[in-house]
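# Here you go, sequence then predicted model.
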Amino acid sequence: MDGHTILVVEDEYTLRRLLEYRLGKLYRVRTAANGEEALEQIAEQLPDLIISDIMMPKMDGFALQAALQERRETRAIPFIFLTAKADEQSRLRGMRTGVDDYITKPFDIEQLLVRVERLLERTHYYRNQLDERIGQDFSRRLMPKKLPQASGYRTFFHNQPREHGGGDLFDWMEARPGVYFITIGDVMGKGLQAKFYAFSFLAYMRSILHALISTTDSPAELMTRMNQVLMDDPPMEETFASLLLMRWEPERNTVTYANAGHCRPLLVLRDQARVIEYSDLVLGLNPHATFKDTTFELPPNSALLTYTDGIVEQRMRTGEMLGENGLASFLPPALGKPQPIEWLLNELLQQSEAPEFQDDILVFWLERMKQPEEQRSGPRWFSPFLDTTEAKP
Amino acid sequence: MNVSTMNFSVEPCTQETVIIRVGKALDFRNAAEFKTVCQEQVRSGVRNFILDFTDTGILDSTGLGSIFSLYRQVSPLEGQVVFASVSRPVQVVVQLTRTYKVFRQFPTVEAAREAVL
């Protein structure tokens, strides 16, 4: 049983039962004795495929097919005529009305099963392709077009959604000159639904930041407000998100953050990388959740790595997931590299079980350089969405 | 009587409490099924859920989201969702998301049952 529902429309009782029995081994089967009954069944639940006789009392197969063609939600349901009308005229009429297959009685049940399977496969394939395209479009729009820049710092970003992707998001704004808010989050779920919720969530988050930024500089206070929104607003009640909200002040070389259950950032130093520890509860779960601000300093020749869970859940050759400590062990040599994220991902993949990442990857690298004079102008950007000339200035 | 589903089994303790054996994985592939199973239980009057993670090797964010949905459903009804026999992969996710602040954890299903009943 792969979850597909097939509607069999057949007035002859024995044949209807036979089809129900054979198809029922592989699919959920519903039955109707004529077109009218079929329309009632379809109004209750849309089937994934319809197999219909042509000659039936009350409403025949042609009339059923015509009725389905009139409605947008039913016109794309794969439709097979199974009929004793073997004459060429009926066949042509059937094909002209948009049916996907035309099988004449007597028929071979195995052949019918193969055709059903192929039709379902094809429909699934097209739907998947469409979902993937929409998902990629959402992913692209969820990502910023440029990165924050500040004297003495380099910033890098990489995002690589996989297939439909999930709800990873990244955003930043300059609240006032020299004060940046950077957010990395993951709205729980997979596929288009997660993308949609991530999109809505990002809109909420931006509105809250813009509305409150003049009254508070505290990521924890902003986080509290976001949690309240998620808890109170019915359209968002099924939305849960992990979120890291950071205030970066390059002139002071400090980062103040609140973390709602998101992957913990790593501070990369020349000889080691360590986890920035403090974290609170994910958003959307508890109206009384509290959040705390934590501040740390970025010393010269250090970097802050923030990311979503796809990277630490990557399976390595050892069979284990990479994990926080595993990731930390790769980081120090990346400091100062021309493209630290690209370098890091290549290193990780060389020691991975699979030659590519198995989930969405989102990474942001904020590096304080050794000496301010080493600064080069312009952010560096490494993203599969942009063409190479734009990606690596 | 145990009610078996494709991935989850539900063992009633009382009219208001059940144990759900989560099985090998709770992730984006079966999270919807988990939600359906739990919703049926809530509809039939169950308020307390003991989730048994003994065999669970995978808990992703979609799976965790389905547990959160359950929690938000039963919290207003004074219900509870507790974790029992939490495997290492589940513990990692619980630590990361700080959800141990919300879901009580017990070393065994028996201990959870005693605490909830």
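Received the coordinates, thanks. Numbering: from 1, shown residues only, chains lettered A, B, ... in the order given.

# residues from chain B in reach of chain A?
B:28, B:60-62, B:64-65, B:68-69, B:71-72, B:92, B:96-99, B:101-102 (C-beta under 8 Å from any C-beta of the partner chain). Where you see a C-beta, it was placed from the backbone N, CA and C, and this is true even at glycine.

# among the helices and strands of chain B, which one scores worst on average pLDDT?
Lowest mean confidence among the helices and strands of chain B (mean pLDDT, DSSP states H and E): strand B:3-4, at a mean of 42.

# ok now the next helix or strand after that one, how far from the chain's centre?
Scanning forward in sequence from strand B:3-4 by DSSP states H and E, the next helix or strand is strand B:9-12. Mean C-alpha position of strand B:9-12 versus that of the full chain (C-alpha atoms, centre = their mean, to the nearest Å) differs by 11 Å.

# partners of strand B:9-12, with directions?
Neighbouring strands of strand B:9-12 in its sheet, by DSSP bridges, are strand B:3-4 (antiparallel), strand B:17-21 (antiparallel).

# what's the most buried one of those strands?
With neighbours defined as mean count of other C-beta atoms under 10 Å in any protein chain shown, the strands paired with strand B:9-12 peak in mean count at strand B:17-21, which reaches a mean of 22.

# Report the mean confidence score over the next helix or strand after that one.
Following strand B:17-21 in sequence order, the next helix or strand is strand B:25-26 (DSSP H and E). Computed over strand B:25-26, the mean pLDDT rounds to 92.

# how close does the most centrally placed residue in chain B get to chain A?
In chain B, the residue lying closest to the centroid (C-alpha atoms, centre = their mean) is B:Leu51, at 3.1 Å. The gap separating B:Leu51 from chain A is 15 Å, by C-beta to the nearest C-beta, to the nearest Å.

# what is the orientation angle of the helix or strand where that residue lies with strand B:17-21?
Applying DSSP H and E as the criterion places B:Leu51 in strand B:48-52. The directions of strand B:48-52 and strand B:17-21 differ by 20 degrees, with axes from the mean of the first three to the mean of the last three C-alpha atoms, to 10 degrees as the criterion.

# what's next to whichever helix or strand comes after strand B:48-52, contact-wise?
Beyond strand B:48-52 on the C-terminal side, the first helix or strand identified by DSSP H and E is strand B:58-59. Applying C-beta atoms under 8 Å, 6 or more residues apart in numbering or on different chains, the contact partners of strand B:58-59 are B:24-27, B:53, B:89-90, B:93.

# ok, those residues vs A:Ile182, which is closest?
Each of the contacts of strand B:58-59 was checked against A:Ile182 using C-beta to C-beta; the closest is B:Val93, at 24.2 Å.

# Chain neighbours aside, what residue packs nearest to residue 107?
As the question left the chain open, I've gone with chain A. With sequence-adjacent residues excluded and distances taken as C-beta to C-beta, 6 or more residues apart in numbering or on different chains, A:Phe107 is closest to A:Leu82, at 6.7 Å.

# not what I meant, chain B
Sequence neighbours aside, B:Ser85 is the residue nearest to B:Pro107 in space, at 6.8 Å (criterion: C-beta to C-beta, 6+ apart).

# residues touching that neighbour, list them.
B:52-54, B:106-109.

# Just the buried residues out of those, in PyMOL syntax.
With 16 or more other C-beta atoms under 10 Å in any protein chain shown as the criterion, this PyMOL line picks the buried residues out of the contacts of B:Ser85:
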select buried, chain B and resi 52+53+106+109
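
# Report how many residues lie close to A:Ser52.
Residues lying near A:Ser52 (other C-beta atoms under 10 Å in any protein chain shown) number 25.

# for A:Arg30, same thing?
Close neighbours of A:Arg30, defined as other C-beta under 10 Å, add up to 18.

# Show the model's pLDDT score for it.
Reported pLDDT for A:Arg30: 92.

# repeat for the one 5 residues further on
For A:Gly35, the pLDDT comes out at 91.

# Test my guess that it contacts A:Ala63.
Yes. If you go by C-beta atoms under 8 Å, A:Gly35 and A:Ala63 touch, sitting 5.4 Å apart.

# Looking at those two, which is more packed in?
A:Gly35 (26 against 16).

# if I pick the more buried one, what's in contact with it?
By C-beta under 8 Å, 6+ apart, the neighbours of A:Gly35 are A:9, A:52, A:56, A:58-61, A:63-64, A:67.

# what phi and what psi does the backbone show at it?
phi -60, psi -40 (degrees, to the nearest 10).

# Can you tell me the closest non-neighbouring residue to it?
Nearest non-adjacent residue to A:Gly35, counting by C-beta to C-beta, 6+ apart: A:Met59, 2.9 Å away.

# low pLDDT regions in the chain?
Let's take chain A. Where chain A drops to pLDDT under 70, the residues are A:1-2, A:85-88, A:90-91, A:94-98, A:163-165, A:190-191, A:372-393.

# That was the other one, I meant chain B.
By pLDDT under 70, the low-scoring segments of chain B are B:1-7.

# re the thing from before, hey, what's the residue nearest to the centre of chain B bridged with?
Beta-bridge partners of B:Leu51, as defined by DSSP bridges: B:Ile20, B:Phe83.

# mind checking how far the closest residue to A:Glu251 other than its chain neighbours is from A:Glu297?
Nearest non-adjacent residue to A:Glu251, counting by C-beta to C-beta, 6+ apart: A:Gly178, 5.4 Å away. Separation of A:Gly178 from A:Glu297 (C-beta to C-beta, to the nearest Å) stands at 16 Å.

# How about B:Phe28?
According to C-beta to C-beta, B:Phe28 and A:Glu297 sit 39 Å apart.

# what about those two, which has more around it?
Higher neighbour count among B:Phe28 and A:Glu297: B:Phe28, with 21 against 11, using other C-beta under 10 Å.

# Quick check: the more buried one is in a helix.
No. Counting by DSSP: H, G, I helix; E, B strand; the rest coil, one finds B:Phe28 to be coil, located in no helix.

# Which helix or which strand is home to the closest residue to A:Ile134 other than its chain neighbours?
Distances taken as C-beta to C-beta, 6+ apart place A:Leu192 nearest to A:Ile134, at 6.1 Å, with adjacent residues excluded. Using DSSP H and E, A:Leu192 falls within helix A:191-212.

# Show me the contact partners of that helix.
Contacts of helix A:191-212 (C-beta under 8 Å, 6+ apart): A:131, A:134-135, A:138-139, A:141-142, A:164-169, A:171, A:173, A:175, A:181, A:183, A:185, A:187-189, A:221-222, A:225-226, A:229-230, A:235-236, A:238-239, A:241, A:243, B:28, B:62.

# Return the distance of that helix from the chain's centre.
Centroid separation between helix A:191-212 and its chain, computed with C-alpha atoms, centre = their mean, is 14 Å.

# can you tell if the helix or strand following that helix touches chain B?
Next in sequence after helix A:191-212, counting helices and strands by DSSP H and E, comes helix A:219-232. No. Using C-beta under 8 Å from any C-beta, helix A:219-232 never reaches chain B; the gap is at least 8.7 Å.

# and helix A:219-232, what does it pack onto?
helix A:191-212, strand A:241-249, strand A:254-260 (3 or more C-beta pairs under 8 Å, 6 or more residues apart in numbering or on different chains; DSSP states H and E).

# Can you mark which positions in that helix are buried?
Buried residues in helix A:219-232, counted by 16+ other C-beta under 10 Å: A:219-220, A:222-227, A:229-231.

# what sits against A:Leu335?
A:268-270, A:301-303, A:367.

# May I see the buried residues of the longest helix anywhere in chain A?
Counting residues, the longest helix in chain A under DSSP state H turns out to be helix A:109-142. Along helix A:109-142, these residues count as buried under the neighbour rule (16+ other C-beta under 10 Å): A:112, A:115-116, A:119-120, A:123, A:132, A:135-136, A:138-139, A:142.
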